[in-house]
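Colleague: quick one, fold the following:
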Amino acid sequence: MGYKAKTGVLAIIAAILIVLFLFIDLSGNWDYALPRRIKKVLAIMLTGGAIAFATTVFQTITNNRILTPSILGLDSLYMLIQTFVIFIFGSATLTMMNSNVNFVISVGLMILFSGVLYKLLFKREQQNIYFLLLIGLIFGTLFQSLSSFMQVLIDPNEFQIVQDKMFASFNHINTDLLVIASISVFIVSVYFSRLTKYLDVLALGREQAINLGVDYDYVVRRLLIVVAILISISTALVGPITFLGLLVVNVTYEFLKTYQHKYLILGSIFISIIALVGGQLIVERVFTFSTTLSVIINFIGGVYFIYLLLRENRSW
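Modeller: Numbers count the residues shown, from 1 in each chain. Okay, the predicted model is just below:
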């Protein structure tokens, strides 16, 4: 089976799971239950698509299949923002704050941080992309340490509010946020469409891309901005899911066996939707909400990450 047919199969499986999720055990008041499920599915599709999209692009830029955009420290920055608001103003402020305001502030600060980081690091010519990742990792550790420090000091009852923000949740999605996030992702996707043609060449490496006529720094800078915006939106919408991108993108590479990014991006989005919708079905029908989807995804993704490290170590 070719990669085109495999992409079609993934799309069909994703569609079947979405239909199952929407209509399984749907009884009682459809006017109440169905819109809530539709909203949840839309949030899953948007989040899964954005993370898979961003991770595929990020791994192409870095030429490394064990890295994810979370290494830039955006997840840690999101938690620092939420913890800081509760630490300074109390949980009542976060609860009473308009969700749109919280979303815009969180996304805005994450994008601002990414923009400043890129501006400073790409100011110098011939700057290695791995230096950017190292700085991102350092800042991520710093943000995580500051968050932990404030979490130790706050009231235990308020810590529970912070703890809820640590794990992605699709159970209480604000429709207004969904609209804002969808419009933002659409705009970013339109902007990205003019850069798609460079991805297959960038996968060959920096030197080869430059030899083939690609303005490497210009293209990579803009692709990193796209990655930062997508990850910021998905994180602010539902919360951090650290290993989802790593898991779905590597499964996509193994399943499709192609390096054409138009198929890799579509395939990773479909696999991400399959993983999230299928995982949410298991959380609701098997575990009866006794755990969260992000815990399952991060556990499986963490195990897979260790497998990838061991496999790379053997190949060396």
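
Colleague: for the helix or strand harbouring residue 6, packing partners?
Modeller: For residue 6, the host element (DSSP states H and E) is helix 3-23. Contact partners of helix 3-23 among helices and strands, from 3 or more CB pairs under 8 Å, 6 or more residues apart in numbering; DSSP states H and E: helix 30-62, helix 244-256, helix 261-285. To be clear about C-beta, it is placed using only N, CA and C from the backbone, and glycine gets the same treatment.

Colleague: what residues sit buried inside the second one?
Modeller: Residues of helix 244-256 classed as buried under the neighbour-count rule (16 or more other CB atoms under 10 Å) are 244-253, 255-256.

Colleague: which SSE is residue 225 in?
Modeller: Going by DSSP H and E, residue 225 is in helix 216-238.

Colleague: cool, residue 179 as well?
Modeller: helix 175-193.

Colleague: distance between that helix and the chain's centre?
Modeller: Its chain's C-alpha centre and that of helix 175-193 lie 14 Å apart, by CA atoms, centre = their mean, to the nearest Å.

Colleague: name the residues that touch it?
Modeller: 39, 42-43, 46, 49-50, 53, 57, 99-100, 103-104, 107, 223, 226, 229-230, 233-234, 236-237 (CB atoms under 8 Å, 6 or more residues apart in numbering).

Colleague: do the same with stretch 272-286
Modeller: 10, 13-14, 17-18, 20-21, 24-25, 40-41, 44-45, 47-49, 51-52, 170, 244-245, 247-248, 289, 291-293, 296-297.

Colleague: buried residues in that stretch?
Modeller: For stretch 272-286, by 16+ other CB under 10 Å, it's 272-280, 283-284.

Colleague: and which of those is nearest to residue 219?
Modeller: residue 272 (24.3 Å; CB to CB).

Colleague: separation between the closest one and residue 280?
Modeller: Per CB to CB, to the nearest Å, residue 272 is found 12 Å from residue 280.

Colleague: next: residue 159.
Modeller: Residue 159 is 26 Å from residue 280, by CB to CB.

Colleague: now the contacts of helix 175-193: which count as buried?
Modeller: Applying 16+ other CB under 10 Å to the contacts of helix 175-193 flags 39, 42-43, 46, 49-50, 53, 57, 103, 107, 223, 226, 229-230, 233-234, 236-237 as buried.

Colleague: okay, the angle between the helix holding residue 179 and helix 216-238?
Modeller: Comparing the axes of helix 175-193 and helix 216-238 via axes from the mean of the first three to the mean of the last three CA atoms, to 10 degrees yields an angle of 170 degrees.

Colleague: just want the angle from helix 175-193 to helix 261-285.
Modeller: Going by the same axes, to 10 degrees, helix 175-193 makes 160 degrees with helix 261-285.

Colleague: might one say that residue 21 is in contact with residue 41?
Modeller: Yes: counting by CB atoms under 8 Å, residue 21 does reach residue 41; the two are 6.0 Å apart.

Colleague: still on that earlier bit, same list (the buried residues of helix 244-256) but as a markdown table, adding distance to residue 71 and pLDDT.
Modeller: Shown next, in a markdown table, are these (distance: CB to CB, whole Å; pLDDT from 0 to 100):
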| residue | distance to residue 71 | pLDDT |
| --- | --- | --- |
| 244 | 14 | 86 |
| 245 | 11 | 87 |
| 246 | 10 | 87 |
| 247 | 15 | 88 |
| 248 | 17 | 91 |
| 249 | 14 | 91 |
| 250 | 15 | 90 |
| 251 | 20 | 89 |
| 252 | 19 | 90 |
| 253 | 19 | 90 |
| 255 | 24 | 89 |
| 256 | 24 | 87 |
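
Colleague: sec struct for residue 27, please.
Modeller: coil (DSSP: H, G, I helix; E, B strand; the rest coil).

Colleague: OK, contacts around it?
Modeller: residue 33.

Colleague: so what pLDDT did it get?
Modeller: Reading off the confidence values, residue 27 has pLDDT 71.

Colleague: try residue 282
Modeller: Looking at residue 282, its pLDDT is 86.
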